[in-house]
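> For reference, the sequence and a predicted model appear below.
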Amino acid sequence: MIDNISQSVLNIGTLGHIDHGKTSLVKALTHQWTDRHSESLKRNMTIKLGYADMVIRKCSKCEGAAAYTTEENCGKCGGKAEPLIRVSILDAPGHETLMATAISEANIINAILFVIAANEICPMQQTREHLMIINLLGIKNVIIVQSKVDIVGKQKALENFRQIKNFIKGSVIENAPILPVMTNHNINIDILLEMIVNLPRPDPKPEADPFMYIARSFDVNKPGIDASKIVGGIIGGTLTRGTLKVGDQIEIRPGINMGQGSKKEVYVPVTTVIEGIHNGSGQLEFARAGGLIGLSTEIDPAFTKADGLVGNIAGKPGRLPEAVSNMAIKYHKLKRDDIPERAFTPGEAIILSVGTATVIGYVKKAKRDNLEVELKRPVIAEKGTKMAIMKNLAQRWRLTGYGIYN
Ligand code: ZN
């Protein structure tokens, strides 16, 4: 059965300046590190999302925030804490990747924990850039977590609180709660859990045509395994709407590049059957929108190994949008102090992050904020999809803005 505990009901993104304690907050909440990914941005610009799940529980005997915990037993009275909801926390390493992820995953992320450290002046440059993204994307479900209050003392923490208040004034999150936490001492984590439980939850639209972003794919067979024992490829990702169940036929688009080795890339959709569905809580019979799920399929694992299918979309056969290779994009520039402004030039190569797909595109036409871009490989995108756009400036790929497919 579909419930609030076997599958996440909320995907919460994290934002915050690089040393402000984002990772230790995620660790304090979920008892897992999401920061295990290498700085993949430098290598190939592929965005690797870190997911960590937690089940928020509540003690029925205790009152107020102290009743909330992620442990099986209440921290106050030691009684049994009943599970309420499963939540996924999403994180990405590095400043550029983090911002690009927040944009390209905007339709997966339902709320944001915005971490601001009390031991530095607010706003630091990265903090300012993160607020800019929150504003641009219009994300209102934000909890500001004031971290490191234990190392500055009460006076400094209050001063920093006022700086934060001032900083968010006039933004879409000007009324967002600001919660001081001490991750090392587990102080106010219970209040944060209560706030998360009370966040508005997205409608999982169980009746809609399923639309799943593939964020990872792999081959679980050991090398040299007996051919008769080989199992099909695994794909992992997030459903944004609809329901999938074991035995369903699915189509993966744009699919597999059949032109490998030749200059021309030809993508062919793949159809397969779901043999199993799993997530952090175990095997599922159904999956609905929210949280990371893994699907066992009948796909040749040679295609799924080493994230070979990342960037694809899975859905019902014949029900996904057509792949596009040419895109008309409305461009929105980010104001970044350290990046020189430069107009697009015809033929210029840019990088686009569309959902979990990261592709190179060539600017065909640029008229003010309207771009026509030819993609090196096709993507599945719906009108209105937001994407991160990176330009090559002084030999570095930098996030300069976001685009809306129109
Ligand atoms: Zn209790």
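Great, that's in hand.
> Isn't residue 147 up against residue 117?
Yes - Residue 147 is within contact range of residue 117, at 4.9 Å (criterion: C-beta atoms under 8 Å). (Glycine included, C-beta is placed from N, CA and C.)
> number of nearby residues for the residue of the stretch 101-250 of the chain found nearest the ion?
Taking C-beta to the ion as the measure, the stretch 101-250 of the chain has residue 190 as its residue closest to the ion, at 10.8 Å. Neighbour count for residue 190, taken as other C-beta atoms under 10 Å: 22.
> circling back: between residue 147 and residue 117, what contacts are shared?
Both residue 147 and residue 117 are contacted by 16, 20, 21, under the criterion C-beta atoms under 8 Å, 6 or more residues apart in numbering.
> What is the nearest of those to residue 292?
residue 16 (21.3 Å; C-beta to C-beta).
> What's the local residue count around the closest residue to the closest one other than its chain neighbours?
In space, and not counting its chain neighbours, residue 16 is closest to residue 115: 3.2 Å by C-beta to C-beta, 6 or more residues apart in numbering. If you count neighbours by other C-beta under 10 Å, residue 115 ends up with 26.
> give the contact list for residue 115.
14, 15, 16, 17, 20, 21, 22, 25, 144, 145, 147.
> what comes into contact with the helix or strand containing the second one?
Looking back up the chat, that one is residue 15. Using DSSP states H and E, residue 15 sits within strand 10-16. With contacts defined as C-beta under 8 Å, 6+ apart, strand 10-16 is touched by 22, 25-26, 85, 87-91, 98, 101-102, 105, 108-117, 126-127, 130, 133-134, 145, 147, 196, 199, 201-202, 238, 290-291.
> can you list the residues that contact whichever helix or strand comes after it?
Heading C-terminal from strand 10-16, the first helix or strand you meet, by DSSP H and E, is helix 22-30. For helix 22-30, contacts defined as C-beta under 8 Å, 6+ apart pick out 14-16, 32-35, 52-54, 70, 89, 91, 113, 115, 145, 147, 181, 183-184, 186, 189, 192-193.
> average pLDDT for helix 22-30?
When pLDDT is averaged along helix 22-30, the result is 88.
> Buried residues of it, list them for me.
Using 16 or more other C-beta atoms under 10 Å as the test for burial, helix 22-30 gives 22, 23, 24, 25, 26, 27, 28, 29, 30.
> Ok, stretch 338-346 next?
Within stretch 338-346, the residues scored as buried using 16+ other C-beta under 10 Å are 339, 344.
> Could you list the low-confidence segments of the protein?
1-2, 32-49 (pLDDT under 70).
> re the thing from before, just the contacts of strand 10-16: which are in helices?
With helices taken from DSSP state H, the overlap with the contacts of strand 10-16 comprises 22, 25, 26, 98, 101, 102, 126, 127, 130, 133, 134, 196.
> With just CA atoms, put stretch 234-253 into PDB.
Output of stretch 234-253 as PDB, limited to C-alpha atoms (Å, rounded to 0.1, in the frame of the first residue of the first chain):
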ATOM      1  CA  ILE A 234      18.800  -0.900 -12.500                       C
ATOM      2  CA  ILE A 235      17.600   2.700 -12.900                       C
ATOM      3  CA  GLY A 236      17.200   5.100 -10.000                       C
ATOM      4  CA  GLY A 237      15.400   8.400  -9.800                       C
ATOM      5  CA  THR A 238      12.400  10.400  -8.800                       C
ATOM      6  CA  LEU A 239       8.800  10.300 -10.000                       C
ATOM      7  CA  THR A 240       7.300  13.800 -10.100                       C
ATOM      8  CA  ARG A 241       3.800  12.500 -10.800                       C
ATOM      9  CA  GLY A 242       1.900   9.400 -11.500                       C
ATOM     10  CA  THR A 243       2.200   5.900 -10.100                       C
ATOM     11  CA  LEU A 244       4.400   2.900 -11.100                       C
ATOM     12  CA  LYS A 245       4.000  -0.600 -10.000                       C
ATOM     13  CA  VAL A 246       5.800  -3.900 -10.400                       C
ATOM     14  CA  GLY A 247       4.900  -5.500 -13.700                       C
ATOM     15  CA  ASP A 248       4.300  -2.200 -15.500                       C
ATOM     16  CA  GLN A 249       5.700  -1.600 -18.900                       C
ATOM     17  CA  ILE A 250       7.800   1.500 -19.100                       C
ATOM     18  CA  GLU A 251       9.500   3.500 -21.800                       C
ATOM     19  CA  ILE A 252      12.700   5.300 -21.400                       C
ATOM     20  CA  ARG A 253      13.300   8.400 -23.500                       C
END
